[in-house]
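K.L.:
Just to be clear, the model below is a prediction. Sequence and coordinates:
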Amino acid sequence: MKKLLTLVTVITITCAMILNTPVAAKGKTKVIDIWPTDDITNKVLSVGSGSVILVHAGEYYGKILIQQKHDITIKGERGTTLDGSYVVNNVTYYWYNGIILDRSSGITVDGFEIRNFQSSGIILGQADNNLMVNNEISKTGIGISLRGANDNSILKNTLTEINTLGIELGNGGYPSNRNIITDNELNVPSIGISIWGNDNQILKNEITTQYDGILIGYDATNNIDSTNNLIQRNRVTSTNLYNSAINLGGAHHNKVIQNDVSNSFYGISIYSGGDDQVLRNDISNCAYGIFVHQAAGNTLSQNNISGCGQGIDMYGAQNCRFNLIPG
């Protein structure tokens, strides 16, 4: 009986030790703090996957390079500024690109104010499945550039005073496919969004520009056609003479649906493209509501056109189907 009690006591103590032994946390996120005196690029290149880099408020200068990294979040506190300008002997110079994602995936860039870069505020080169969100970009050549970059999300960014191009999807021989561009605000003197690629979605953006608001292009040099892109529920104003709020230039099999375009020379234009669908758009106060130039097989249906000098102009267009709702 005494041996039995001893055995029960040993078992009880052992179980208590097991139950009270702390277990190491699995998948715990590592947070790295960065301050204005730190080198952000060096910190980024030294961290592993799953890390969160918290960039504290203040002014940072130069580029941030994210090269061949995966599953990292870089979060800027409110008031975190990345500036590309610097002065030497009273002469102002500019860094070329701001935040650079080079062959990286699963990267989130959130909450930066980016300004004064000669080329791009943010550039993704052959970088897939990344998220650019809540950034404010100004005084750059291009706001956000994707070159050979696929399956990315560009969400809730604000772009102002961009010299050449607001958001660039694809360039030259580097088309970008299956990206989602949504809920961004662009007030730029340049082209708003350009698309050189396939299966991209341009949704619910607010665009005011002096050139084409949204441009889908055809690259004749590299024989790259832009197809199966969806442009839906955007509000676009293009204020310069002879430009379009939405311009399908030589593109095929794209859909332009339920957009609100106004105060442009051409509301929606199709140049040499084919089999595009322009459906249920509100077009107002344009010289031409819809302009189709030497394009075949397009469908124009249930568009509401009002206050335009001419509703639909078909110049050299063939086999186009349209049903206009007069304003």
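P.N.:
Happy to help now that I have it. Numbers count the residues shown, from 1 in each chain.
K.L.:
where does Val44 fall, helix, sheet strand or coil?
P.N.:
Secondary structure, DSSP: H, G, I helix; E, B strand; the rest coil: Val44 is helix.
K.L.:
shaky segments in the stretch 201-327 of the chain?
P.N.:
219-224, 316-327 (pLDDT under 70).
K.L.:
Let me see the ranges of the helices in this protein.
P.N.:
Listed in chain order, the helices of the chain (DSSP state H) span 2-19, 40-46.
K.L.:
If I average pLDDT within each of these, which one is lowest?
P.N.:
For these, mean pLDDT drops lowest on helix 2-19, to a mean of 41.
K.L.:
where's the residue nearest to Gln118 when sequence neighbours are not counted relative to Gln310, distance?
P.N.:
Excluding its sequence neighbours, the residue lying closest to Gln118 (CB to CB, 6 or more residues apart in numbering) is Tyr94, at 4.3 Å. (Glycine included, C-beta is placed from N, CA and C.) According to CB to CB, to the nearest Å, Tyr94 stands 44 Å off from Gln310.
K.L.:
higher neighbour count, those two?
P.N.:
Tyr94 (15 against 12; other CB atoms under 10 Å).
K.L.:
got the contact list for the more buried one?
P.N.:
Shown in contact with Tyr94 (CB atoms under 8 Å, 6 or more residues apart in numbering): 84-86, 116-118.
K.L.:
Name the residues linked to it by a beta bridge.
P.N.:
Ser85 (DSSP bridges).
K.L.:
do the one 5 residues further on as well
P.N.:
Under the criterion DSSP bridges, Ile99 forms beta bridges with Ile64, Ile122.
K.L.:
Go ahead and confirm it touches Gly62.
P.N.:
No. Ile99 is beyond contact range of Gly62, at 10.7 Å (criterion: CB atoms under 8 Å).
K.L.:
So between the two, which is more surrounded?
P.N.:
Ile99 (27 against 16).
K.L.:
do you know how far that one is from Ile137?
P.N.:
10 Å.
K.L.:
just Ser190 next, same as before
P.N.:
In terms of CB to CB, Ser190 sits 12 Å off from Ile137.
K.L.:
So which residue is dead centre in the chain?
P.N.:
Ile154 (3.1 Å; CA atoms, centre = their mean).
K.L.:
residues contacting it?
P.N.:
Contacts of Ile154 (CB under 8 Å, 6+ apart): 132, 144, 146, 167, 179-182, 184.
K.L.:
before we move on, back to that, more crowded one of Ser190 and Ile137?
P.N.:
A count of neighbours by other CB under 10 Å puts Ile137 above the other of Ser190 and Ile137, at 30 against 20.
K.L.:
Which residue is the nearest non-sequential neighbour of Lys204?
P.N.:
Arg233 (4.8 Å).
K.L.:
Ile107 against Ile122, yeah?
P.N.:
No. Between Ile107 and Ile122 there is no contact under CB under 8 Å: 10.6 Å.
K.L.:
Quick check: neighbours shared by these two?
P.N.:
Counting by CB under 8 Å, 6+ apart, the residues touching both Ile107 and Ile122 are Leu101.
K.L.:
And the two? Which one has more around it.
P.N.:
Set Ile107 next to Ile122 and count neighbours by other CB under 10 Å: Ile122 wins out with 28 against 23.
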